[in-house]
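K.L.:
this one's sequence-less:
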């Protein structure tokens, strides 16, 4: 598809060696979110970002999903970070016990959570008011689950127009697409996807993949990570590679109540 404009808290039994600004270790061994220290500018970048300013960002769309832990393990093995662009109700409800646990584990591991709309809808077909509803519903959910409001947005299908971009920028979002599409969601097998990556990857690539495609976490992601290593590039989050803050606001985790439904 042609491009159109888109810390693992080190907790041991003694609750020591914490990563500053990420989690607070309690005597019970549970964790609660505290305020991460944003880096980079807090203002959205204009237009649509398709490449990193430096380093490489591998990104995963359409979650949260059951393979997220495998993705995280792949990055943990090389001390890398990634960005998950999530939906509210796509491959399951974001409020499910399982998905809440997935999101919190990813967030506490230092990965960035971005917005991918509530329902994975093509926003180029929507009015600004309709797009606003998609943003609002996901912002509310991520506020309850993680205490955050995202600063990164990726349009489903990479479909977006200049009016959408202007509206998203006005809402404080940097719009992120990619310069390499692994085409995993289009049915490409890992071998085909790796041919694309090998042919196109640079030391500042922004790569699109999907955590919902079984072969991507299991087979493709380790291969991409290995190849990026040969380029001498670091694996970072999108906000890090663009020198912007990951979130518009950060607070504390919410407590589940009757409103946590899709």
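P.N.:
Sure, I can see it. Please read all numbers here as calculations on a predicted model, not as lab measurements. Numbering: from 1, shown residues only.
K.L.:
contacting residues for residue 211?
P.N.:
60, 61, 62, 63, 64, 65, 67, 68, 71, 84, 217 (C-beta atoms under 8 Å, 6 or more residues apart in numbering). Every C-beta, even on glycine, is put in place using the N, C-alpha and C of the backbone.
K.L.:
The last one belongs to a helix, doesn't it?
P.N.:
Yes - secondary structure of residue 217, determined by DSSP: H, G, I helix; E, B strand; the rest coil: located in a helix.
K.L.:
and the gap between it and residue 190?
P.N.:
Between residue 217 and residue 190 the computed distance is 11 Å (C-beta to C-beta, to the nearest Å).
K.L.:
With neighbour numbers in mind, choose between these two.
P.N.:
Per other C-beta atoms under 10 Å, whichever of residue 217 and residue 190 has more neighbours is residue 217, with 24 against 19.
K.L.:
Quick check: that one touching residue 67?
P.N.:
Yes - with contacts counted by C-beta atoms under 8 Å, residue 217 reaches residue 67, the gap being 4.1 Å.
K.L.:
Distance check, the closest residue to residue 215 other than its chain neighbours against residue 184.
P.N.:
Spatially, and ignoring its direct neighbours in sequence, residue 215 is nearest to residue 190 (5.3 Å; C-beta to C-beta, 6 or more residues apart in numbering). Distance of residue 190 to residue 184, computed by C-beta to C-beta: 8 Å.
K.L.:
what sits in contact with each of these two?
P.N.:
Joint contacts of residue 190 and residue 184 (C-beta under 8 Å, 6+ apart) are 215, 216, 220.
K.L.:
Out of those, give me the one that has the most neighbours.
P.N.:
residue 220 (26 neighbours).
K.L.:
pretty sure that residue belongs to a helix, no?
P.N.:
Yes - assigned with three-state DSSP, residue 220 falls within a helix.
K.L.:
circling back to that earlier point, what about the contacts of residue 211, which are in helices?
P.N.:
If you go by DSSP state H, the contacts of residue 211 have 68, 71 in helices.
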